[in-house]
Structure formats: structure tokens, C-alpha cells
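Visitor: no sequence for this one, just the structure:
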């Protein structure tokens, strides 16, 4: 009875219903009957594909790509096996090449927990605007091939959070993008291999950056001087648990007149109340400041800081 009712529904309604299904459920639905088999292959059901709820091995990835991926695909989420007992992969150079051919409009690629040491970044789709590699393993200088082959001409957002292989070489190669590229947002949270050389190269060349997330890195006061000197369009800056920073960086931060969101949380941060009061008073466009109570910063200090700029919301933990 249910099948008869659903068969009578318009195709557009059926496609809308199927759009709420996870990838695995769509694949199962395709086995129900011939009409559902064809419905599941509707392009609009495969614009945004998230495979992270369940790990998919290379063989399964191939099957999904060949059965369902078309020029309609815009966003793809993958999850690897780096922290699994299974010794297998979700991605290969051949898969990337096939993606480039089948999905010429792919704009976002998000990969978690993947071992990418055997992957050539030069095979990444040249249409990417967003690339996220979270907790992934990459060799030193991994981005050189992608930059040399012009794969990042449209890239606007790059996130390498917790991908601790990310190092100075990678930033230097990214900094060699023609004209600094179109990169507006960069995140290398918890990437401890970045030193002064990497920060300097980034600041001097990636001048389109508006959102920078570098918590729990080795950034120092001198690095912040160059970052604030060159990246004047900065709107979001995340520095929580950057324990090498002191009050000396506050003068540099005060020059970021477009800054709207600043995160300086961390119980071990060495920034004093007096410095923060002066900073909040100068940053007239600041909408949100995230700070933490620490040895040098009390609850009373937080209240005083909040009173300096009523437009700025103070978030503490």
C-alpha cells in the first residue's frame, strides 16, 4: 500500500523526500525497485555528499563516484582510516583524477583522518574554493605540486587544523601563489611545525587573508608584528592558547582596524588586563572578544574590559 501511494507522488516530491536520506540510505533505496533506482540517480540528490558518518574504503568510494557523481556535485566530505584499526584508504590519485573529469564543478572538498602521503596534491580539482584537511597526514612540502600546477587559482578557504605535518615549506609554497591567490581564510590550528619563517612568508604574500586561525601554534610577538603589518583586512583572528604571546603583541593588534572577532582564550596566556583594556578601546569595530580567567586576569578585570567598548561582546570560559 505504501509503495502504491509513493508511486503516485510527483517525481519532484519523491526527489525532495529522498534528499533527506543519508548516502547509505539512498543506495539502499536504489535497490527497492526500478523507478527508485532511477530516482536515486537524479543529479540534485548528489550536489552535497557527506560520507563522514561512516568510513568508506577505496573500493566503495570508486563505486559511489561511478554510480552517482556527475557535474552536479559541489561539495564532498570524506573520512579516512588513519585512526582506525583498518589499514586502508578512502582516496587515491586515480580517484582524484576521476573526480576532476566527472565533477568539473566541485567547489568544496573536506577530508578527515586520512593518510595522504601517497597522494599528489597536483591531482586536486582546480575548481576548489574550499579545502579542509582535518587531522590528515601530509609530507613536508605537500602543497608544492598543487601550486605549481595551478590547482589553487580559485581557492578561498584552506583549513589544516590538527594536520601536524603542515610546516613552513607548505606556507612558503602557498605564499608563492600568483598575486597571493584568492585565499581569504586560513586555519592551521595546532600545527606546531610553523616557525617565524612560515609566519613571515604568509604575512608578506597572502595579503587577501581576512580570517586567520592559528591557536595552539608557536606564534610569537615578532610574528604578530609582521602579520598585523601586512594583513590589514583581517576580520577574524584566533589566537587561543598561543602561550608565547605577551603584551608586546597588543600594539600590533591595535592596528587591525577592521578586526571584528578576536579569540585570546587560554589559562596560560600572558596578556594582562591593562593591555586588553587599551586594545578594546582602540578596536572600534571589534564585535567579540574571547578571553579566559588566568593568573593575570580576574573576573573583575573581565568586567572592566567589557565596560570599555559596549559594542564589543566579551565571552569568557
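Guide: Structure's in. What do you need? Please read these numbers as outputs of a predicted model, since none were measured by experiment.

Visitor: residue 269: what's it in contact with?
Guide: Applying C-beta atoms under 8 Å, 6 or more residues apart in numbering to residue 269 gives the contacts 240, 241, 242, 243, 245, 291, 292, 294, 297. Where you see a C-beta, it was placed from the backbone N, CA and C, and this is true even at glycine.

Visitor: should've said residue 77
Guide: Shown in contact with residue 77 (C-beta under 8 Å, 6+ apart): 49, 50, 51, 52, 110, 111, 112.

Visitor: before we move on, the earlier item: between the contacts of residue 269, which is closest to residue 130?
Guide: Comparing the contacts of residue 269 against residue 130 with C-beta to C-beta places residue 240 closest, at 22.9 Å.

Visitor: chain neighbours aside, what residue packs nearest to that closest one?
Guide: residue 265 (4.0 Å; C-beta to C-beta, 6 or more residues apart in numbering).

Visitor: kindly report the same for residue 191.
Guide: Going by C-beta to C-beta, 6+ apart, residue 191 has residue 166 as its nearest residue, at 4.4 Å.

Visitor: just to revisit the earlier point, quick one: which of the contacts of residue 269 is nearest residue 191?
Guide: residue 242 (12.0 Å).

Visitor: count the residues that sit near the closest residue to that closest one other than its chain neighbours.
Guide: Nearest non-adjacent residue to residue 242, counting by C-beta to C-beta, 6+ apart: residue 219, 5.1 Å away. The number of residues packed near residue 219 is 23, by other C-beta atoms under 10 Å.

Visitor: quick one: residues contacting residue 36.
Guide: Counted by C-beta under 8 Å, 6+ apart, residue 36 has contacts 29, 30.

Visitor: distance of it from residue 9?
Guide: 12 Å (C-beta to C-beta, to the nearest Å).

Visitor: quick one: end-to-end length of stretch 179-190, please.
Guide: Its first and final residues considered, stretch 179-190 spans 27 Å by C-alpha to C-alpha, to the nearest Å.

Visitor: before we move on, what about stretch 70-90?
Guide: Across stretch 70-90, first to last residue, C-alpha to C-alpha, it's 19 Å.

Visitor: buried ones in it?
Guide: Within stretch 70-90, the residues that count as buried by 16 or more other C-beta atoms under 10 Å are 72, 73, 74, 76, 77, 78, 79, 80, 81, 82, 89, 90.
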